[in-house]
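**Q** structure for this input, please:
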Amino acid sequence: MTNSTQVSYFILAAYFDSGLLKYLFFMIVVLLYILIVCTNLLLIVVICVNRSLHEPMYLFLCSLFVNELYGSSGLFPFLLLQILSDIHTVSASFCFLQIFCLYSYACVEFFNLAVMSYDRYLAICYPLQYNTRITYNKITILIVAEWFYASVLCFLPISLSVPLQLCGNIINKVYCDNYTIVKLACSDTTVNNIYGLVVTFLTISCPVILIFYTYVRILQVCFSGSKQTRQKAVSTCTPHLVSLLNFSFGAFFEIMQSRFNMKNVPNMLRIFLSLYWLTCQPLLNPLVYGLNMSNIRNICKNLIFA
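**A** Numbers count the residues shown, from 1 in each chain. Below you'll find the model as predicted:
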């Protein structure tokens, strides 16, 4: 496609002919998806059913697990169809729908981790005032706000990309990506690029500032507090830090890959790392939080082995 036109479909060029190995890839992806759905769904049910877990920390965790299911559902069924298919095309409307799903998943993930750091900050720095500072109304507002803000933030750049006249329809990835589509445009994309940078900046800077502030205050309390305070801080903040660093690594590489030329990186490695931030986080979070928190761990044991 060399002329400017409104394309009706896109070709996902990152897929390659793997012969009979595609059935092995299919089974691996199916198992990963089943594991993600079962573990996250189990923890959502455990938190919702048990009133003893209706505390701020667990409610924010529940929102995190719901987001893992949301993001995984935007990727895995599509990935499974593409692995078995010989023609790797996707309609333009579905492509933009997938972009919205994956981008809003990433935004909610980052915002949710920032809100969780704020919750840990209140629990450690203001233990006696914790229940008055973080009420159920405030929890509801924070969760609704992070989902609404992420949806609006992701909808606007996609709405700017939909009317673009494109000179091509080949996306060199295994799923749809907004910035890759913008680079296919024949028309001026200054507004798209500026807004894309603004969205990326807001998505990263706001949570990072909040997380940095909360951890600085937590460290101050730890250094000046008792051994018990330090142990509490370590036990409650370690899972959060592991989850945050894991997601930040995957998201950082994805941004670098979208914005810069990564042709020197082997194709298989690029595919793996582009999927890492969408697959490892939904797998890691249930294990990190489910295994680390004794309340959740004990209730899960009772449910499974009852």
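**Q** which neighbouring elements make contact with the helix or strand harbouring Ile271?
**A** Using DSSP states H and E, Ile271 sits within helix 267-292. Judged by 3 or more C-beta pairs under 8 Å, 6 or more residues apart in numbering; DSSP states H and E, helix 267-292 is in contact with helix 21-49, helix 56-84, helix 92-125, helix 227-259, helix 294-305. To be clear about C-beta, it is placed using only N, CA and C from the backbone, and glycine gets the same treatment.
**Q** to Thr214, which of those helices lies closest?
**A** Closest approach to Thr214 among the helices and strands packed on helix 267-292 (C-beta to C-beta): helix 92-125, 3.7 Å.
**Q** buried set for the following helix or strand past the closest one?
**A** As assigned by DSSP H and E, the chain's next helix or strand after helix 92-125 is helix 130-133. Residues of helix 130-133 classed as buried under the neighbour-count rule (16 or more other C-beta atoms under 10 Å) are Arg133.
**Q** same thing with stretch 239-253?
**A** Here stretch 239-253 shows Pro239, His240, Leu241, Val242, Ser243, Leu244, Asn246, Phe247, Ser248, Gly250, Ala251, Phe253 as buried, counting by 16+ other C-beta under 10 Å.
**Q** number of nearby residues for Arg51?
**A** 7 (other C-beta atoms under 10 Å).
**Q** give me the distance between it and Ser243.
**A** Distance, Arg51 to Ser243, by C-beta to C-beta, to the nearest Å: 25 Å.
**Q** same question for Leu79.
**A** Where Ser243 is concerned, Leu79 sits at a distance of 23 Å (C-beta to C-beta).
**Q** wait, Ile143 touches Pro56, no?
**A** No: under the criterion of C-beta atoms under 8 Å, Ile143 makes no contact with Pro56, lying 10.3 Å away.
**Q** got the contact list for Leu102?
**A** Contacts for Leu102 (C-beta atoms under 8 Å, 6 or more residues apart in numbering) come out as Gly71, Gly74, Leu75, Tyr175, Cys176, Leu278.
**Q** output stretch 270-287 as CSV, nothing but the C-alphas.
**A** Listed next in CSV are the C-alpha coordinates belonging to stretch 270-287 (Å, rounded to 0.1, in the frame of the first residue of the first chain):
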residue,chain,number,x,y,z
ARG,A,270,11.9,-8.2,20.9
ILE,A,271,8.8,-10.4,20.7
PHE,A,272,9.5,-11.9,24.2
LEU,A,273,10.2,-8.5,25.8
SER,A,274,7.2,-6.9,24.2
LEU,A,275,5.0,-9.6,25.7
TYR,A,276,6.8,-9.6,29.0
TRP,A,277,5.0,-6.6,30.5
LEU,A,278,1.6,-8.0,29.5
THR,A,279,2.2,-11.6,30.7
CYS,A,280,4.7,-11.6,33.6
GLN,A,281,2.8,-9.0,35.8
PRO,A,282,-0.5,-11.0,35.8
LEU,A,283,1.5,-14.1,36.7
LEU,A,284,3.7,-12.5,39.3
ASN,A,285,1.3,-10.5,41.3
PRO,A,286,-0.9,-13.3,42.6
LEU,A,287,2.2,-15.3,43.6
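**Q** list the contacts of it.
**A** For stretch 270-287, contacts defined as C-beta under 8 Å, 6+ apart pick out 14, 32, 35-36, 39-40, 42-43, 64-65, 68-69, 71-72, 75, 102, 105-106, 109, 173-175, 242-243, 246-247, 249-251, 253-254, 257, 262.
**Q** got the buried residues for it?
**A** Going by neighbour count (16+ other C-beta under 10 Å), the buried part of stretch 270-287 is 270-271, 273-279, 281-286.
**Q** for these, which one is nearest Phe201?
**A** For the buried residues of stretch 270-287, the closest approach to Phe201 (C-beta to C-beta) belongs to Trp277, at 18.2 Å.
**Q** not counting sequence-adjacent ones, nearest residue to that closest one?
**A** Nearest residue to Trp277, sequence neighbours excluded (C-beta to C-beta, 6 or more residues apart in numbering): Gly250, at 2.6 Å.
**Q** so what's that neighbour up against?
**A** Residues in contact with Gly250 (C-beta under 8 Å, 6+ apart) are Leu273, Tyr276, Trp277, Leu278, Cys280, Gln281.
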